[in-house]
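Trainee: have a look; sequence and predicted model below, questions after that.
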Amino acid sequence: MKTIYLAIVSVLLITACDNDLDQTPPLLLESSALEEFGPVLNAAYYYQSGGSTPLGVMGDFRADNMLMLESPYTAFDTYNADLGGLDLVEQFFRPFYSNLYKAILSTNNVIDNSTDATEIAEAKFLRALSYFKLVMVFGDVTVNLSPAPSPSDLSILTRQPAADVYNNVIIPDFQDAIAGLDNSGLTSGRASKIAAQAFLGKVYLYRGNFTEAATTLGAVVNSAAAAGITLESDFANVVVDGNSEIIFATPLSTSVPNAYGSATTFVGWFSGADTKSLTPLDPRLIDAFDASSAAGGGTDLRKALTIDTENMNGSNKYTGALDQDYIDLRLSDVILMYAEALNENNVAATTVLPLLDPIRTRAGLNSLTGTVSSQADVRQAIADERRVELALEGHRWFDLVRTGTVNIEMGETISSDYNVFPIPNSEILASDGVITQNEGY
């Protein structure tokens with residue numbers, strides 16, 4: 001993956017401007033003059049790195065897994081307008097926002113102008129992934145499907161309802177990617193058919209379409225082995241670069257500044273290497289691992305392989321230091337989502353719970369089959385499993401929001417305004433107010 005990353009950077013001659021969505025990347029002003037779109041597609045891959053560190057931090061530090069300890073970053077845990085403060089927005093949300101829209105501009109150019117079907121399918125995948133991340137974080141967002149939007153037409157910046165973005169862009173693009181890709185990209189760190197299927201299934205789960213989610217995610221689980229994707233036998237390897245259960249990962253390298261704006265990666269936040277949170281571990285995550293052990297008839301091996309309770313950080317999961325790829329999706333995540341979708345479709349617990357067995361056996365725990373049976377209990381069991389299995393991988397907050405369990409799990413009443421994050425003020429100003437702020441910020 002590092003080789004792919006360096007190759008992407010080496011051809012990044014089409015870097016977009018730093019903010020405004022109505023600006024087109026230099027050298028793409030006349031897309032008809034281009035004959036090769038590989039570098040443009042590589043730029044779209046590169047810009048995904050700007051959506052990795054912020055997403056990882058949001059997913060765990062906003063929830064009950066990790067804590068910010070230095071003001072004003074403590075606003076991550078206070079659920080009020082403070083999170084919209086300038087320093088926070090500029091550090092976390094603006095790079096995330098602007099880099100994903102740069103990726104979208106690049107994919108639009110490939111989709112509209114390339115004659116290579118595989119390039120177009122990869123671009124559809126990356127555009128869908130970019131919009132999915134944006135909707136997860138901000139809710140309603142601006143939709144641009146043009147490679148060269150008019151700088152004078154600010155009306156195109158009006159935010160579109162998240163439901164429309166899902167139905168009109170994200171779902172169709174992932175479907176097109178599935179139709180146009182095979183799985184050869186798995187060995188080169190690029191988009192693949194199975195990755196598109198997995199993300200589409202995740203999208204259906206987010207939309208509450210459990211029937212389609214079960215069908216799509218089930219197809220991924222059942223075809224994973226044939227594609228060379230298998231559960232790691234040792235949990236210590238699940239976030240190691242290039243491990244066997246990765247379905248899609250974003251390459252990052254400390255040797256090359258990423259699209260986030262520095263060589264820093266998300267790993268530093270979890271390990272306590274950033275001064276904003278030197279001891280970031282939330283005691284509630286320790287409790288979650290202990291509860292998992294108690295309910296599992298043994299010691300959950302994932303605890304010692306994820307968190308350092310002496311130094312109160314999450315350095316144990318990322319033992320490869322800071323040079324670590326961001327794993328967007330891996331097989332155990334898909335298995336747990338598949339089990340969740342089946343349960344929401346009223347499939348019997350005796351069918352659903354055995355799906356968790358390989359994951360739990362790897363963690364040194366017993367099967368849950370026979371211990372819980374009601375749909376509600378199975379739902380909670382899967383949610384608990386997701387928390388400890390995927391801890392420090394950027395999923396927790398988004399799981400709570402999509403399942404409507406923020407208040408229950410966080411132990412306080414939180415306005416739904418704060419389920420999403422603040423739109424960067426710089427983008428609002430650049431759009432002359434056409435782009436609006438989320439309620440509450």
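Mentor: On my side now, so go ahead.

Trainee: going by C-alpha atoms from here, please, whenever you check contacts or count neighbours.
Mentor: Noted.

Trainee: skip the chain neighbours and tell me the closest residue to Leu55.
Mentor: Gly394 (6.2 Å; CA to CA, 6 or more residues apart in numbering).

Trainee: which of the three states applies to that neighbour?
Mentor: State at Gly394, reduced to three classes by DSSP: H, G, I helix; E, B strand; the rest coil: coil.

Trainee: any idea how far it lies from Gly218?
Mentor: Noted for Gly394: a distance of 23 Å to Gly218, by CA to CA, to the nearest Å.

Trainee: where do the strands of the stretch 201-350 of the chain begin and end?
Mentor: 246-250, 326-330 (DSSP state E, counting those that start in this stretch).

Trainee: what's the most buried one of the ones you listed?
Mentor: Greatest average neighbour count among the strands of the stretch 201-350 of the chain goes to strand 246-250 (a mean of 26), per mean count of other CA atoms under 10 Å.

Trainee: ok, Lys193 - contacts?
Mentor: Ala177, Ile178, Ala179, Gly180, Leu181, Asp182, Asn183 (CA atoms under 8 Å, 6 or more residues apart in numbering).

Trainee: and the residues you listed, which of them are buried?
Mentor: Taking 16 or more other CA atoms under 10 Å as the criterion, what is buried in those is Ala177, Ile178, Gly180, Leu181, Asp182, Asn183.

Trainee: assess the claim that the fourth one and Thr118 are in contact.
Mentor: Think Leu181. Yes. Look at Leu181 against Thr118 with CA atoms under 8 Å: they come within range, at 6.4 Å.

Trainee: check which element follows the worst-scoring helix or strand of the chain on mean pLDDT along the chain.
Mentor: Here the helix or strand of the chain ranked lowest by mean pLDDT, DSSP states H and E is helix 2-10, holding a mean of 40. Using DSSP states H and E, the helix or strand that follows helix 2-10 in sequence is helix 38-47.

Trainee: keeping just the C-alphas, turn that following helix into CSV.
Mentor: Output of helix 38-47 as CSV, limited to C-alpha atoms (Å, rounded to 0.1, in the frame of the first residue of the first chain):
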residue,chain,number,x,y,z
GLY,A,38,-4.9,7.9,-14.9
PRO,A,39,-3.2,10.8,-13.0
VAL,A,40,-6.6,12.4,-12.5
LEU,A,41,-8.0,9.2,-11.0
ASN,A,42,-4.8,8.8,-8.8
ALA,A,43,-5.5,12.3,-7.5
ALA,A,44,-8.9,11.2,-6.4
TYR,A,45,-7.3,8.3,-4.5
TYR,A,46,-4.8,10.7,-2.9
TYR,A,47,-7.4,13.1,-1.7
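
Trainee: and that helix, what's buried?
Mentor: Across helix 38-47, burial judged by 16+ other CA under 10 Å covers Pro39, Val40, Leu41, Asn42, Ala43, Ala44, Tyr45, Tyr46, Tyr47.

Trainee: return the set of buried residues in the longest helix that the chain contains.
Mentor: The longest helix of the chain (DSSP state H) is helix 117-138. Across helix 117-138, burial judged by 16+ other CA under 10 Å covers 118-138.

Trainee: with stretch 367-386 instead?
Mentor: For stretch 367-386, burial by neighbour count (16+ other CA under 10 Å) applies to 367-369, 372-373, 375, 378-379, 381-383, 385-386.

Trainee: do stretch 82-90 as well
Mentor: Residues Asp82, Leu83, Gly84, Gly85, Leu88, Val89 are the ones in stretch 82-90 that count as buried (16+ other CA under 10 Å).

Trainee: neighbouring contacts of it?
Mentor: With CA under 8 Å, 6+ apart, stretch 82-90 has contacts from Pro72, Tyr73, Ala75, Phe76, Phe421, Pro422, Ile423, Pro424, Asn425, Tyr441.

Trainee: leaving out the residues flanking it, which one is nearest to the residue most central in space within the chain?
Mentor: Centroid-nearest residue in the chain: Asp328, 5.2 Å away (criterion: CA atoms, centre = their mean). Of all residues not flanking Asp328 in the chain, Ala249 sits nearest, at 5.0 Å (CA to CA, 6+ apart).
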